[in-house]
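Dropping the sequence and predicted coords here.
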Amino acid sequence: MNDELFDALVILEKEKNIKSEVLLEAIAKSLEQACRNNFNRQDLTNIVVSMDQEKKSFGIFLAKEVVENVEDSMTQISLADAKMIDSKYELGDTVNVDINSRAFGRIAVQNAKNVILQQIREAERKSLFADYYDKENKVVTGVVQRFIGRNVAINLGRVDGILNESEMIRGENYYPNQRIKVYVLHVDNTPKGPRILVSRKHPNLVRCLFEQEVAEVADGTVDIMAIAREAGSRSKMAVCSRSENVDAVGACVGQNGNRVAMVVDELNGEKIDIVEWNENPAYFIENALSPAKVVTVLVDEEDKEAKVVVPDYQLSLAIGREGQNARLTARLTGFKIDIKSETQAIESGELDEFQEEYYGQGYDEEGAPYEEGAPYEEGYYEDGYDPDQPYDEEGTYTDDGEAYYEEPYAPQNEQNEE
């Protein structure tokens, strides 16, 4: 019987992923309770349960104190009776008196069984919660089990997760035994076991899929700085590299686009734009509006607003179908974005504002920082300067330190005229 008991513990340990020590503790508590029920003494605290897993043996005892006059036979033993067990015992010693657990009544045994089952269920619940709590905010693979109203139960191995209708990708169909990857939103510990909420819609699903497919993202060489997503349609992801030798966008796209293709396939064809992140918000917004080309960007960092001018023929591309490209760019960058064509900007007079803002701060007409010694394009400054000569900080055009023009840009001598 003992062998069967300990063999059953080994099977439970493998099937339920419960440590044998926990199971042994549950059995010990059940035997203690059965002993109290058998003797109808709930106040007994001197019950000792000994279990040896290696020897596959267990025993239950009452620890009794050796006294001259016995007042409570459940907690005390006379010196004469103690000497019969072992002659070494003296007054004040503690003697473990063996109890025949086979003699326990049916009710006591049934209660012990219930205690064991309850302890096993509790241990299993804690084990499940611990396992899946570690998977929170991660991607796991599950199998579609059944529909619960408009929600779907996803088998995650030892427990089912719930994919609510609000976390499904619009237009995506599910069928029994379909294998899908889901993002674990939250794990709750309930009396009936862990309750796991999963999602196919969360932006971090895209992040985790790239961590699985791109080694540079997994090891931290490439960081995913921000993600904006309209699940089932399109996502934008901003990345940057911690190494000068690694192209962040190229690493995520992969050779011939194989890496991003794996993620797109998992998301059933959802388009993914991967752009370079930049700490300069003007550059970042320009990158985020890809594939549209940008003429210039004016940023108000305090109010988190940006005005963007694009070529006339790029306006619809910059805004996107139903405003999707502009909307995702705003979410990705955190800026409220106003996009206008060059014609609209000229008619409203805002193009002059762009030029004054950027050229006054040392930016060229494309919104890029002006490099010292680089010529300005003709047409943005007053007539009368030589566009082939670099422009210095004092307002003069110079060549190797020799002044060519000074305000009002009049020729100085015959050499200048030449």
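Okay, I see it.

Which positions within stretch 26-42 qualify as buried?
Within stretch 26-42, the residues that count as buried by 16 or more other Cβ atoms under 10 Å are 26-38. Where you see a C-beta, it was placed from the backbone N, CA and C, and this is true even at glycine.

Run through the neighbouring helices and strands of the longest helix seen in the chain.
Longest helix of the chain, by residue count under DSSP state H: helix 106-133. Packing partners of helix 106-133 (3 or more Cβ pairs under 8 Å, 6 or more residues apart in numbering; DSSP states H and E): helix 2-16, helix 20-39, strand 179-190, strand 193-199.

That helix vs strand 179-190, what angle?
Angle between the axes of helix 106-133 and strand 179-190 is 130 degrees (criterion: axes from the mean of the first three to the mean of the last three Cα atoms, to 10 degrees).

Report the mean confidence score over helix 106-133.
Averaged across helix 106-133, pLDDT comes to 76.

center of the protein, which residue is that?
N137 (3.3 Å; Cα atoms, centre = their mean).

List the residues that contact that one.
N137 is in contact with 183-184, 204, counting by Cβ atoms under 8 Å, 6 or more residues apart in numbering.

same question, S233
Applying Cβ under 8 Å, 6+ apart, the residues near S233 are 270-271, 324.

could you dump the contacts of N137 to JSON lines with pLDDT and distance to W277?
Listed next are the contacts of N137 as JSON lines, based on pLDDT from 0 to 100; distance: Cβ to Cβ, whole Å:
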{"residue": "Y183", "pLDDT": "95", "distance to W277": "22"}
{"residue": "V184", "pLDDT": "94", "distance to W277": "26"}
{"residue": "N204", "pLDDT": "94", "distance to W277": "17"}
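
most surrounded residue in the residues you listed?
Sorting these by how many neighbours each has (other Cβ atoms under 10 Å) puts V184 first, at 25 neighbours.

Distance of that residue relative to V263?
18 Å (Cβ to Cβ, to the nearest Å).

Then Q344?
37 Å.

higher neighbour count, the two?
V263 (23 against 15).

re the thing from before, right, so the helices and strands packed on helix 106-133: which one is the most enclosed?
Across the helices and strands packed on helix 106-133, the average number of neighbours (mean count of other Cβ atoms under 10 Å) peaks for strand 193-199, which reaches a mean of 21.

Outside of that strand itself, list whatever touches it.
Counting by Cβ under 8 Å, 6+ apart, 124-125, 128-129, 132-133, 140, 142, 154, 156, 159-164, 167, 182-188, 205 sit against strand 193-199.

then the helix or strand containing R146 to PDB, C-alphas only?
Taking DSSP states H and E as the criterion, R146 maps to strand 139-148. Only the C-alpha atoms of strand 139-148 are listed here, as PDB (Å, rounded to 0.1, in the frame of the first residue of the first chain):
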ATOM      1  CA  VAL A 139       3.600  36.000 -26.600                       C
ATOM      2  CA  VAL A 140       2.500  32.300 -26.300                       C
ATOM      3  CA  THR A 141       1.200  29.800 -28.900                       C
ATOM      4  CA  GLY A 142      -2.200  28.400 -28.300                       C
ATOM      5  CA  VAL A 143      -4.900  26.300 -29.900                       C
ATOM      6  CA  VAL A 144      -8.400  27.500 -30.600                       C
ATOM      7  CA  GLN A 145     -10.700  25.200 -28.400                       C
ATOM      8  CA  ARG A 146     -14.200  26.500 -28.600                       C
ATOM      9  CA  PHE A 147     -16.400  29.600 -28.800                       C
ATOM     10  CA  ILE A 148     -17.900  31.100 -25.700                       C
END
